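Undergrad: I'll drop the sequence and a predicted model, then ask my questions.
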Amino acid sequence: MKVLLDSCVWGGAREVIAAAGRDVGRVGDWEGDPGDAAILAAAHAESWVLVTLDKNFGEVAIAKGAPHAGSLRLVGIRARDQGLPPCRCSRPTPKTWSTGRF
């Protein structure tokens, strides 16, 4: 599974996720923040699952119908633990989306 960390996710999460064998990118390494719609579009183009703390991506993906490769919103997770949930996830499929378990 390819993972794109939003700039608001703890930077150390990259090493945790990479150590679990995931391909990891980080918006914080980009030159500037292009905005939520552009981040979601870039993630979709590269088949990255976006990992974020920001609830606005749900609005862009669902309410506005933007295509996406999946997202994982981290809620109530300490910074140093933010790399763990993406390590435990498998690639979302239509079946897992409908059950909410992936």
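TA: Done, it's in.

Undergrad: burial count for Cys8?
TA: Close neighbours of Cys8, defined as other Cβ atoms under 10 Å, add up to 14. All C-beta spots, glycine's among them, are computed from the backbone N, C-alpha and C.

Undergrad: doesn't it belong to a helix?
TA: No: Cys8 sits outside any helix when classified using DSSP: H, G, I helix; E, B strand; the rest coil, being coil.

Undergrad: could you find the closest non-adjacent residue to it?
TA: Leu53 (4.6 Å; Cβ to Cβ, 6 or more residues apart in numbering).

Undergrad: what's the answer for Arg14, then?
TA: Val24 (5.0 Å).

Undergrad: which other residues reach the biggest helix by length in the chain?
TA: If you go by DSSP state H, the chain has its longest helix at helix 36-45. Residues outside helix 36-45 that contact it (Cβ atoms under 8 Å, 6 or more residues apart in numbering): 4, 6, 27, 33-34, 48-50, 54, 56-57, 60-61, 64, 66-69, 71.
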